[in-house]
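Peer 1: Got a predicted structure plus its sequence, pasted below:
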Amino acid sequence: MIYLIGLTQNLFSRVTSKTKHMPKKQTLLLFLFLTFSFHSFSQQRYTISGTVREAASNETMIGVTIAIPELRTGTTTNEYGFYSITLPEGEYNLLVSFLGFSDIRETISLNSNQQLDFQLEMETEELEEVVVTEDVERMDIKTPQMSVNTLKVQTIKRIPVVLGEADVIKSLVLLPGVTNAGEASSGFNVRGGAADQNLILLDEATIFNSSHLFGFFSVFNPDAIKDIKLFKGGIPARYGGRVSSVLEIFQREGNSKETKVTGGIGAVASRLLVEGPIIKDRTAFLVGGRASYAHLFLPLFDINNSAYFYDVNTKFSHKINARNSIYLSGYFGRDLFSINDSFVNTYGNAVGNFRWNHLFSDKLFSNLSLIYSDYFYGLELDFVGFEWDSGIQNFNVRYDLKHYINDKLQINYGLNNTYYVFNPGKITPNSPDSGIVEEQLTKKYANENAIYIDVEHELSDKLSVGYGLRASQFNRFGQDEFFVYEDNNPVVFDPFTLVYREAEPIETISPSRSRTLEKFFNLEPRVSVAYSLNNNSSIKASYTRLAQYLHLLSNTSSPTPLDVWTPSGPFVEPQLLNQYAIGFFKNINDGEFSLEIEGFYKDVENRIDYIDGADLIANNAIEQVILNGEARAYGLEFLLRKNTGKLQGWLAYTLSRSEQRTPGRTSTVDNGRSNLETGINFGEWYSTPFDKTHDIALYGNYELNDKWSFNANFIYQTGQPTNYPVGQFEFQGLVVPFFGRRNQERLPDYHRLDISATLTPRKNKNRKLQGQWIFSVYNVYNRMNAASINFRQNQDTGRNEAVRTSIFGIIPAVTYNFKF
């Protein structure tokens, strides 16, 4: 301060020496201005930081708002419950709030750095409306992050679903821009993208197949889940590797205060979760399991087939000290489907993650993660006499840092490295006399690494921006067998028949694992901006560039366990996305309603397509049946939410198109003439299998009283694109259908209504064991939605007829949930 005063006096003497003719009044004002300016710059700033936890379980809480109303600023807790904010010296009112929990209001005198940890209590009155303050609303409006949807676990458990089993993936379909291929379909599609273009993370570990029983259920146990967030656009630079979306799911850490048991008994599956302290308030564990048992009743009906799943979630958390915590989490799941024991299909995910949180200072938070992920697919065919195993493994190391510079500026940066092993399949005989020769399809190896920086910057009270850059590199390594083709072209085009076919290799080489077959490098910038029109509304825009180096080989509209992942390499280019989005966001009537309207356009380079008649199963030269094309999608999303009161819910509508094309390449035939290939579908744009022009979802929850609540959802989607025969011809006595261009037809429109009622007995309040009954009806008006339409010849009339295949009609279910 003495230095600044001396500097001010020095400047003042210089100014006055050059302004000796200036009136004394103006000279005095200039001196006061300079003194005030230096006082402002020299005003001491201090940092408030800490962790927010749930009081009942001591678990950290994600996304809690810490607001300073008088400064109209604030921050939110990160994925581990940590927050930090730097403010000028002074006295402030601090507001800590999270939906469904009682607010904490505290007056602080900020004259030094302070660590303030908070514990939030759940609302004591279940039906009490949550009051959202103007400043907290405005912060949501101001943030540049857009195209993000979150779902509370409590909401997911209320949504009526088939057979009464709460389902994370099926709940996402109620959000704008999210669809799937229909009932009993695995995966989901975001903004016209394919299912393999979604990065699904469970405690930062990659999940390659998100479904049980071919799509009837998801692999996520809702009792073990703490937070769910879906990024559809404006994806932060810390994420990469997929070009459509990021679904980020964090497991709960376990109750470090007391032992708790949670579970549920359903029509086809049950679940049980146990959590509790190892060292009170420091160390906790969580173990949860689910299993289906419908197959146990099949023998009663003389059915020898079987289908069931089971999974286990685990978590260990330990607080070493105020600056260090460690976590060890895992998931293991398996599905089994068999027909008379002669056909057995087994598949599932296994992941593990060790994480170390370290606080370098009250402004710098870090997380180190060591991650293992494995997806296995096994097939046993007794009637043929062999077993087939395939899968993908990855080993991932990532280090992320979050730097809270001040209340206006935050910087995220880090790096990660992932090593992949791809096993396209190994065939082994299951009996000595099967006649099958053991064969291992060529394994593939690759490494993906990236560094990134992400900045969240509030430039003014009205303008906030987020900007970042991700630099990624992908190395495809050598393998035991690698095919070499003439002109480096594994797919050739016949100009006379206008048909693509597999090229014959001219040589087979065995490059060592230390050799790099192909290397890709991409810069992936991200930019988002928010401009506040007033305290309750804003306009946002974003640009996202993403690279995807892995591809799922599938020619079905919905992923199946049989699909195989393959890396980019000499013949398969990485997919590259450019996405643009703009939106309008508004809070209405003090937060009672919220409105989100977004428009988007995205294009994808190098989207793989398959030649007609492509064989993807056990193919050791997959490059012979695929071509690099392009894709595009564009649309408008609308989301209106009611956030408070006895009646809550939302209306979502999406109008969109999703298309792709693979134009022909220029080739040269033997006589030297140049011919333009026709491409796939004659090089014209055609609808992708996940193109849904109209998508409407309506969800509502009504709390009648503390005993009864009711839920309902309605879904309407434009029918899925498909191919119908346009004619037929006879060949050697067989009638062969002839198909036209790709996906010119559609299945009938899809729609259904689901309802449920939840009974919570009032005597729960007076006993340790608390129960809850959920009565649900799926597809209330018994709509027989078409999963597919096939054509056959009627044996009586000899005429062709269409046959609709449907999965579900009306399905009632009862689930009993309990905890103690």
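Peer 2: That came through fine. Numbers count the residues shown, from 1 in each chain.

Peer 1: low-scoring pLDDT stretches of the chain, where are they?
Peer 2: Counting by pLDDT under 70, the chain shows low-confidence ranges at 1-43, 124-139, 184, 301, 555-562, 666-675, 798.

Peer 1: Dump stretch 637-644 to CSV, keeping only the CA atoms.
Peer 2: C-alpha atoms of stretch 637-644 as CSV (Å, rounded to 0.1, in the frame of the first residue of the first chain):
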residue,chain,number,x,y,z
GLU,A,637,-35.8,-28.6,-30.1
PHE,A,638,-38.4,-27.3,-27.7
LEU,A,639,-38.6,-28.0,-23.9
LEU,A,640,-41.1,-26.5,-21.5
ARG,A,641,-40.8,-27.5,-17.9
LYS,A,642,-43.0,-26.9,-14.8
ASN,A,643,-40.6,-26.9,-11.9
THR,A,644,-42.7,-26.3,-8.8
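
Peer 1: what does it contact?
Peer 2: Contacts with stretch 637-644, where a contact means CB atoms under 8 Å, 6 or more residues apart in numbering, come from 129-130, 132, 175-177, 591-600, 648-654, 656. C-beta here means a position set from N, CA and C on the backbone, and glycine is covered the same way.

Peer 1: For burial, what's the neighbour tally of the spatially closest residue to residue 564 that is not a sequence neighbour?
Peer 2: In space, and not counting its chain neighbours, residue 564 is closest to residue 553: 4.9 Å by CB to CB, 6 or more residues apart in numbering. Using other CB atoms under 10 Å as the criterion, residue 553 is surrounded by 21 other residues.

Peer 1: can you pull out the helices in the chain?
Peer 2: Using DSSP state H, the helices assigned to the chain run over residues 2-18, 24-42, 134-142, 153-158, 168-172.

Peer 1: For residue 566, see how far away the residue nearest to residue 564 is.
Peer 2: Residue 553 sits 6 Å away from residue 566, taking CB to CB, to the nearest Å as the criterion.

Peer 1: Give me the spatial nearest neighbour of the residue positioned nearest the centre of the chain, chain neighbours excluded.
Peer 2: Most central in the chain under CA atoms, centre = their mean is residue 247, positioned 1.3 Å from the mean C-alpha point. The shortest distance from residue 247 to any residue that is not its chain neighbour, by CB to CB, 6+ apart, is 4.8 Å, and that residue is residue 200.

Peer 1: Now for the one you found, how many residues are close by?
Peer 2: With neighbours defined by other CB under 10 Å, the count for residue 200 comes to 24.

Peer 1: Then residue 107?
Peer 2: 8.

Peer 1: thought it was touching residue 92?
Peer 2: Yes: Residue 107 is within contact range of residue 92, at 7.3 Å (criterion: CB atoms under 8 Å).

Peer 1: hang on, isn't the residue nearest to residue 564 packed against residue 565?
Peer 2: Yes: contact status for residue 553 versus residue 565: in contact at 7.3 Å, counting by CB under 8 Å.

Peer 1: Name the residues contacting each of those two.
Peer 2: Taking CB under 8 Å, 6+ apart as the contact definition, residue 553 and residue 565 share no neighbouring residue.

Peer 1: where exactly do the strands run in the stretch 51-200 of the chain?
Peer 2: Defined through DSSP state E, counting those that start in this stretch, the strands belonging to the stretch 51-200 of the chain, from first to last, are 65-68, 73-76, 82-88, 90-97, 104-110, 114-115, 118-120, 148-150, 178-179, 189-190, 198-202.

Peer 1: of all the ones you listed, which lies closest to residue 330?
Peer 2: Smallest distance to residue 330 across these (CB to CB): 9.6 Å, for strand 198-202.

Peer 1: who's in contact with the closest one?
Peer 2: Counting contacts by CB under 8 Å, 6+ apart, the residues outside strand 198-202 that touch it are 187-188, 190, 206-208, 210, 220, 239, 241-242, 244-249, 251, 331, 351.

Peer 1: circling back to that earlier point, tell me the buried residues within the contacts of stretch 637-644.
Peer 2: Buried subset of these (neighbour count, 16 or more other CB atoms under 10 Å): 130, 132, 175-177, 591, 594, 596-600, 648-654, 656.
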